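Chemist: with the sequence up front, the predicted model follows.
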Number of protein chains: 2
Amino acid sequence: MTATNKPGLEVCLSPALLHLFDVKNSIVVIIDVLRATSTICTALYNGASRVIPVSSVEECVHIGRAIDGITAGERDGKVAEGLVHGNSPFEYPRDFIENKTLVLTTTNGTKLLHMAKDAIQIITGSFPNISAVCDYLIAQNKNVILGCAAWKDRVNMEDTLFAGAVVNRIKAHFEVNCDSAVLAESMYQAAQPDLIGFMKQASHYRRLANYGLEKDIAYCLTPDGANVLPLFKDGELIAG
Amino acid sequence: MTATNKPGLEVCLSPALLHLFDVKNSIVVIIDVLRATSTICTALYNGASRVIPVSSVEECVHIGRAIDGITAGERDGKVAEGLVHGNSPFEYPRDFIENKTLVLTTTNGTKLLHMAKDAIQIITGSFPNISAVCDYLIAQNKNVILGCAAWKDRVNMEDTLFAGAVVNRIKAHFEVNCDSAVLAESMYQAAQPDLIGFMKQASHYRRLANYGLEKDIAYCLTPDGANVLPLFKDGELIAG
């Protein structure tokens, strides 16, 4: 809390900067727009009982076997060896994922999630659940860190854009004393008239477009297609 | 060099991210707009024979005594104990600094400068010497990293704005495959119609304004008031 009696709202642009933030006294939003946190909200929205985020393919295989879960994860744009599904939100429609557990391995998002484990609460966010995220953050009235998963610690456009979109929506309820938040919001405002067109400048866009994933990108940048709140609790993400 | 045969142009938003960049094969521009790199170009523009950047007050005192230099540096907005001058560019007019050596201690800028020591070449940049910086970078035709000194590793607005201004000016000559560069340029474009007004959102603006330094800020954000190129060589910055 600050002198204005409003809680703080900050943006952490890379996991390599997270040590600069007061994680313990904040809600942390894990942001990995392409595609982990878009797929997480989609699976939960379509009725998955839970999503278990894990770091390694081995762990994914091991847990998936133990609990009879759907194992998913990609390495270099392909389903990782030993796993059954990929990272695309389109792989998880209701008739497939309802009442099942998704065990998902992602590199950047899972790493940040584990780094933020001491937070008051961890949630995940992306454009498909932006309204659920914003409503929750406003209602909690606590300090917030918007944590971009980035790409191997390098600041990326899509996660920063989402952070900027959230700042833009909820800033009136918070004290924003964070230059990264101003930066993210500026980029979001510049991009907002044509988010997908703007994203064509991004390094990750080119990587995914090379795999033919333009449809995934468009979905991941569109608000409220899977408007549910993933809450992290005891190692699992469940719909809040 | 990249497939297009143009050298790369990247932006590093914080010293805590510098390890992600290929410093060895790049020219690194050290950016510490408020106020180290603004004061450095001003002193050199006004005829200082050289500027020696040092990390600590002790080192500053020691070197200043050994070479009969002007010792300068601030801690918490005041001239540091044992030093004679401060960080303001206005303290270094020609009739004072000409043919003298300025020994300057700054926290963020000097730290980054030492971290980048393996670069092909280190130069320093700020708005007062933006044209000299841009002309030099275009002429060299080598990879460039625009290195923001930031504030205790936290991304800051003024250094990001300068990086964005440089990207905006020189990008046609480079391959820009760096989301931070797009981010910085977006913020610069948003800020550009009223740079000083925009900066009032910045954390550092408030810190300096509390010390009555609005005039310094305006100078540090104005292009080409001291349009010289500071080149780092053998521990010293000299006019290129």
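Modeler: The structure has been received and is ready for your questions. Computed from a prediction, not measured in an experiment: that's the story for all the values here.
Chemist: shouldn't residue A:108 be in contact with residue A:155?
Modeler: No - using CB atoms under 8 Å as the test, residue A:108 is too far from residue A:155 to be in contact (11.6 Å). Bear in mind the C-beta positions are built from the backbone N, C-alpha and C, glycine included.
Chemist: who has more neighbours out of those two?
Modeler: residue A:155 (30 against 23; other CB atoms under 10 Å in any protein chain shown).
Chemist: for the least confident helix or strand in chain A by mean pLDDT, C-alpha coordinates in CSV please.
Modeler: The weakest-scoring helix or strand in chain A, judged by mean pLDDT, DSSP states H and E, is helix A:203-210 (a mean of 80). The C-alpha trace of helix A:203-210 is given here as CSV (Å, rounded to 0.1, in the frame of the first residue of the first chain):
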residue,chain,number,x,y,z
SER,A,203,10.5,-12.2,-33.0
HIS,A,204,8.1,-14.8,-31.6
TYR,A,205,5.5,-14.1,-34.3
ARG,A,206,8.0,-15.0,-36.9
ARG,A,207,9.0,-18.2,-35.1
LEU,A,208,5.4,-19.3,-34.8
ALA,A,209,4.3,-18.2,-38.3
ASN,A,210,7.1,-20.4,-39.6
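Chemist: and the next helix-or-strand element following that helix, anywhere near chain B?
Modeler: Sequence order places helix A:214-220 as the next helix or strand after helix A:203-210, per DSSP states H and E. No - on the criterion CB under 8 Å from any CB of the partner chain, helix A:214-220 is out of touch with chain B, staying 14.4 Å away.
Chemist: what's helix A:214-220 packed up against?
Modeler: helix A:195-199, helix A:203-210 (3 or more CB pairs under 8 Å, 6 or more residues apart in numbering or on different chains; DSSP states H and E).
Chemist: does the least confident helix or strand of chain A reach chain B?
Modeler: Yes - interface with chain B: helix A:203-210 contributes A:203-204 (CB under 8 Å from any CB).
Chemist: next, the buried residues of that helix.
Modeler: A:204-205, A:208 (16 or more other CB atoms under 10 Å in any protein chain shown).
Chemist: show me which residues of chain A are close to chain B?
Modeler: Residues of chain A lying near chain B (CB under 8 Å from any CB): A:13-14, A:16-17, A:20, A:152-157, A:160, A:177-180, A:182-184, A:186-187, A:189-191, A:201-204.
Chemist: what ranges do the strands span in chain A?
Modeler: A:9-12, A:27-31, A:50-54, A:70-75, A:78-79, A:101-105, A:121-125, A:144-148, A:230-233, A:236-239 (DSSP state E).
Chemist: what pairs with the shortest one, parallel or antiparallel?
Modeler: Here strand A:78-79 has these sheet partners by DSSP bridges: strand A:70-75 (antiparallel).
Chemist: what angle do the strand it pairs with and strand A:101-105 make?
Modeler: Counting by axes from the mean of the first three to the mean of the last three CA atoms, to 10 degrees, strand A:70-75 lies at 20 degrees to strand A:101-105.
Chemist: list the contacts of strand A:70-75.
Modeler: A:39, A:57, A:60-61, A:63-64, A:79-87, A:91, A:97, A:100-106 (CB atoms under 8 Å, 6 or more residues apart in numbering or on different chains).
Chemist: hmm, 7 Å instead?
Modeler: A:57, A:60-61, A:64, A:80, A:83-87, A:100-106 (CB atoms under 7 Å, 6 or more residues apart in numbering or on different chains).
Chemist: ditto for stretch A:185-196
Modeler: A:160-161, A:164-165, A:167-168, A:198, A:217-218, A:221, B:183, B:186-187, B:189-190.
Chemist: poorly predicted segments of chain A, please.
Modeler: A:1-4 (pLDDT under 70).
Chemist: just the helices from it, written as ranges.
Modeler: A:36-45, A:57-67, A:94-97, A:108-115, A:130-140, A:157-170, A:179-191, A:195-199, A:203-210, A:214-220 (DSSP state H).
Chemist: alpha carbons only: can I get the last one in PDB?
Modeler: What follows is helix A:214-220 as a C-alpha-only set of coordinates in PDB (Å, rounded to 0.1, in the frame of the first residue of the first chain):
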ATOM      1  CA  GLU A 214      -1.100 -17.600 -37.300                       C
ATOM      2  CA  LYS A 215      -4.500 -18.900 -36.200                       C
ATOM      3  CA  ASP A 216      -3.100 -19.600 -32.700                       C
ATOM      4  CA  ILE A 217      -1.600 -16.100 -32.600                       C
ATOM      5  CA  ALA A 218      -4.800 -14.400 -33.500                       C
ATOM      6  CA  TYR A 219      -6.700 -16.400 -30.900                       C
ATOM      7  CA  CYS A 220      -4.100 -15.600 -28.200                       C
END
